[in-house]
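**Q** Sequence and predicted structure, then a few things I'm wondering about:
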Amino acid sequence: MILEALSAALLGLALAWAAAHRLPHRLPAPLLVLPTGVAGALFGAFVTHTALGAGGLVLVLLGSATVSAASLSLLLRPAGRLRRSSAPA
């Protein structure tokens, strides 16, 4: 279980680092992005391990990567300016 948690934390850190370097203009400061990726991966590993039980390291890492990517996607800002109409609806 410690191997799962350590692997999930490293995977979340790697995903967050890749996102922070690939999309720096659409993400907030890396000081927020990196812990979000790690926390999402650890939470995903916990949920997957609880649902599937012990013995499935690959599945736990897949679940942790999914939740980490989902939590990082919540930090994304729009690429361009938002269009707002001048007339009220």
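**A** The structure has been received and is ready for your questions.

**Q** for stretch 55-75, which positions count as buried?
**A** 60-61, 63-65, 67-69, 71-72, 75 (16 or more other CB atoms under 10 Å). C-beta: built from backbone N, CA, C; applies to glycine.

**Q** if you average pLDDT over it, what comes out?
**A** Mean pLDDT, computed over stretch 55-75, is 93.

**Q** coming back round to it: let me know the closest of the buried residues of stretch 55-75 to His25.
**A** Nearest to His25, judged by CB to CB, of the buried residues of stretch 55-75 is Leu75 at 12.7 Å.

**Q** Once you drop chain neighbours, what's closest to the closest one?
**A** In space, and not counting its chain neighbours, Leu75 is closest to Leu27: 5.6 Å by CB to CB, 6 or more residues apart in numbering.

**Q** got it, and Ala70?
**A** Going by CB to CB, 6+ apart, Ala70 has Gly40 as its nearest residue, at 6.9 Å.

**Q** Look at the one you found and report its pLDDT.
**A** pLDDT, read off for Gly40, is 97.

**Q** tally of neighbours for it?
**A** 25 (other CB atoms under 10 Å).

**Q** swap in the one 10 residues further on?
**A** Other residues near Thr50 number 9, with proximity taken as other CB under 10 Å.

**Q** what's near enough to touch the residue nearest to Ala70?
**A** The neighbours of Gly40, taking CB atoms under 8 Å, 6 or more residues apart in numbering as the test, are 12, 64, 67-72.

**Q** And those, which two are furthest apart?
**A** Ser64 and Leu72, at 12.3 Å, using CB to CB across these.

**Q** who's in contact with Leu34?
**A** Contacts of Leu34 (CB under 8 Å, 6+ apart): 13, 16-17, 20.
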